[in-house]
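*Asks:* build the 3D model from these lines:
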Amino acid sequence: MARRKAAAADDGEEVPSKKMRKTNFTDADIRLLLSKYLEKKEIFQNEENSAFVIKSQEGEWERIVQALNAQNATLNRTWKEVRKKYYNLASEAKKLRTKQKAQMLMTGGGVVDPDTSARSYDELPFFARFILENILPAVIVDGVAGGFESETPAAPAPVEEEEVDETEFDATQYRSTQNVIENHNEDSLSPPPSTPAPTTTTVPAVVPLRKAVDKKMLDEATYAALLSEKAKYDAEVEHLKEKTACKKIRRELLQIELFEKKRYFEEVRAEDLMKS
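*Replies:* Residues are numbered from 1 along each chain as shown. The predicted structure follows:
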């Protein structure tokens with residue numbers, strides 16, 4: 001390759017220069033891109049497969065490119081480059097939020113403190129916060145319809161402990177004890193002085209407390225199991241949402257590719273007709 005370039009230079013031929021890599025998007029470019037996308041969000045998020053919708057979306061991308069190139073004329077980007085940049089930003093925003101929530105759930109034992117969640121959300125890049133708040137639907141981000149975030153899991157319904165009527169229990173124990181004493185007195189009118197009469201003062205207090213402790217331990221174990229199941233379900237939902245978003249992007253790219261091929265074949269056909 002080097003020899004061919006040297007030979008071309010000796011012959012006076014112009015050696016083609018290496019293609020220059022375009023400058024990365026600046027923060028100002030990204031802010032302008034997202035604000036322009038938000039203005040036409042309904043058009044971009046239209047899932048119809050008609051040629052009219054696809055053409056309308058291409059036209060809006062062209063307008064965004066014109067605004068970006070007007071802001072920085074040295075870049076001269078294409079609408080496909082800008083569209084790809086937006087898809088990358090949206091995907092990165094969802095990944096950052098999902099990873100952040102998973103880390104908070106692991107460190108918080110399944111329960112996320114609202115203050116901790118707010119601080120963690122503020123640490124996201126500006127483009128991620130803008131996309132999550134203004135562009136992406138809440139159901140795609142968190143799997144919850146009707147709101148953007150639901151950081152704190154719903155508290156479990158209060159468990160009503162079974163109340164034990166200690167008065168009734170005392171009376172039952174007392175009658176049972178009295179029957180034992182009466183039967184004993186019938187057999188021996190003078191009980192030995194060293195044998196004290198049985199008392200029931202400690203029995204009623206122990207049994208209800210034991211029941212309450214066992215029930216509380218059972219409720220805590222059930223709640224922990226439910227939290228574990230909820231974490232597994234949330235992880236599965238996030239995985240399905242990412243797969244759905246990727247499929248949607250691939251479908252849009254296929255639609256655009258088919259439209260471009262169709263237009264190309266039509267142009268070739270028109271040229272053949274003109275030649276004939």
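
*Asks:* in stretch 66-73, what counts as buried?
*Replies:* L68 (16 or more other Cβ atoms under 10 Å). Just so you know, the C-beta spots here come from the backbone N, C-alpha and C atoms, and that holds for glycine as well.

*Asks:* identify the residues contacting that stretch?
*Replies:* Contacts of stretch 66-73 with the rest of the structure, by Cβ atoms under 8 Å, 6 or more residues apart in numbering, involve 26, 28-29, 32-33, 36, 75-77, 82.

*Asks:* go on, stretch 29-48?
*Replies:* Residues contacting stretch 29-48 (Cβ under 8 Å, 6+ apart): 25, 53, 56-57, 60, 63-64, 67-68, 71-72, 82, 85-86, 89, 126-127, 130-131, 134-135, 248.

*Asks:* go again with 6 Å.
*Replies:* 53, 56-57, 60, 64, 67-68, 127, 130, 134 (Cβ atoms under 6 Å, 6 or more residues apart in numbering).

*Asks:* just stretch 51-60 next, same as before
*Replies:* 40, 43-44, 46, 255, 259.

*Asks:* go with 8 Å
*Replies:* 40, 43-44, 46, 79, 255-256, 259.

*Asks:* and those residues, which are buried?
*Replies:* 40, 44, 79, 255.

*Asks:* turn those into CSV, columns for pLDDT, secondary structure and distance to L240.
*Replies:* Shown next, in CSV, are those (pLDDT from 0 to 100; DSSP: H, G, I helix; E, B strand; the rest coil; distance: Cβ to Cβ, whole Å):
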residue, pLDDT, secondary structure, distance to L240
K40, 91, coil, 28
F44, 92, helix, 23
W79, 93, helix, 31
Q255, 85, helix, 22
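
*Asks:* between the residues you listed, which is nearest A102?
*Replies:* Relative to A102, the closest of those is F44; by Cβ to Cβ it sits at 28.8 Å.

*Asks:* how far away is that closest one from Y233?
*Replies:* Distance of F44 to Y233, computed by Cβ to Cβ, to the nearest Å: 31 Å.

*Asks:* which residue packs closest to L89, ignoring adjacent ones?
*Replies:* Ranked by Cβ to Cβ, 6 or more residues apart in numbering and with sequence neighbours excluded, the top spatial neighbour of L89 is F127, at 5.3 Å.

*Asks:* circling back: closest one of the contacts of stretch 51-60 to A224?
*Replies:* Closest approach to A224 among the contacts of stretch 51-60 (Cβ to Cβ): F44, at 43.6 Å.

*Asks:* thought L89 was touching I135, still the case?
*Replies:* No: with contact defined as Cβ atoms under 8 Å, I135 does not reach L89; the gap is 9.6 Å.

*Asks:* now K22, what's its secondary structure?
*Replies:* Taking DSSP: H, G, I helix; E, B strand; the rest coil as the rule, one finds K22 in the coil state.

*Asks:* same question for the one 3 residues further on.
*Replies:* In terms of secondary structure, F25 is coil; the call rests on three-state DSSP.

*Asks:* that one and L68, how far apart?
*Replies:* Applying Cβ to Cβ, the value for F25 to L68 is 9 Å.

*Asks:* what does K216 give?
*Replies:* K216 is 62 Å from L68, by Cβ to Cβ.

*Asks:* give me every residue that touches A28.
*Replies:* Counting by Cβ under 8 Å, 6+ apart, A28 has contacts Q71.

*Asks:* list the buried residues in the helix or strand hosting D29.
*Replies:* According to DSSP states H and E, D29 maps onto helix 27-39. Residues of helix 27-39 classed as buried by neighbour count (16+ other Cβ under 10 Å): 29-30, 32-34, 36-37.

*Asks:* now tabulate the contacts of stretch 51-60 in TSV and tack on distance to V268.
*Replies:* Shown next, in TSV, are the contacts of stretch 51-60 (distance: Cβ to Cβ, whole Å):
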residue	distance to V268
K40	32
I43	30
F44	30
N46	30
W79	23
Q255	21
I256	19
F259	15
